[in-house]
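# Need the 3D shape of this:
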Amino acid sequence: MIRPSLTCECGCRMWLPYRKSQPAVSEPGWVPKEFLSREMACPECGRASAYGVRDVRWAEGAEIDPVTGGDEVSCWFVETVCNEQRCELPIGFHWLTGGHSGPEEIRFRTLRLFERGFFKSLLCGRGHPPGTRVPTVRRVG
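As a prediction, this is how the structure comes out:
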């Protein structure tokens with residue numbers, strides 16, 4: 001099945017949310033604009049980069065089961081604040097995960113990865129790294 005994806009600088013292919021059950025959007029012209037041109041964190045290397053419509057590639061991927069939705073992908077918006085006292089500018093990014101994750105699982109996994117310094121290049125507007133609070137997690141795709 002041909003599916004849309006983004007490719008990180010590390011070479012990891014990040015599959016985008018895509019539903020086979022929607023034939024009107026099952027074509028290479030379809031692009032999930034709600035989270036492109038924003039910071040997207042790679043689940044392999046942790047690098048955060050901005051991707052646009054021109055970065056979407058269509059490639060052969062695993063079949064999506066139309067009944068169970070198996071092998072679906074979800075896109076989450078995660079927001080925190082920087083770690084610097086008296087700055088607390090917001091840091092937001094998008095993260096692609098398996099379709100079966102819920103908001104609390106994403107919050108927990110994000111906190112553990114922040115503690116390990118996994119997400120690279122996530123900085124507030126003044127250049128500070130993220131803190132360890134994750135007040136906002138919402139599904140966007």
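# Let me see the ranges of the helices in the protein.
103-115 (DSSP state H).
# any idea which residue sits dead centre in it?
In the chain, the C-alpha nearest the mean C-alpha coordinate belongs to Trp95, at 1.9 Å (Cα atoms, centre = their mean).
# dump the residue contacts of the residue of the chain most remote from its centre.
What lies farthest from the middle of the chain is Arg86; by Cα atoms, centre = their mean that is 28.2 Å. Residues near Arg86 by Cβ atoms under 8 Å, 6 or more residues apart in numbering: none. C-beta coordinates here come from the backbone N, C-alpha and C atoms, glycine included.
# who touches the residue nearest to the centre of the chain in this structure?
Trp95 makes contact with Met40, Ala41, Pro43, Cys75, Trp76, Val78, Ile106, Thr110 under the criterion Cβ under 8 Å, 6+ apart.
# Export these to CSV and append columns for pLDDT, neighbour count and distance to Phe119.
Listed next are the contacts of Trp95 as CSV, based on pLDDT from 0 to 100; neighbours: other Cβ atoms under 10 Å; distance: Cβ to Cβ, whole Å:
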residue, pLDDT, neighbour count, distance to Phe119
Met40, 88, 23, 11
Ala41, 90, 25, 5
Pro43, 87, 16, 10
Cys75, 85, 19, 16
Trp76, 88, 25, 13
Val78, 90, 26, 9
Ile106, 89, 20, 13
Thr110, 88, 22, 8
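# Run through the bridge partners of Val81.
Pro90 (DSSP bridges).
# looking at it, it is touching Phe114, isn't it?
No - if you go by Cβ atoms under 8 Å, Val81 and Phe114 don't touch, sitting 11.4 Å apart.
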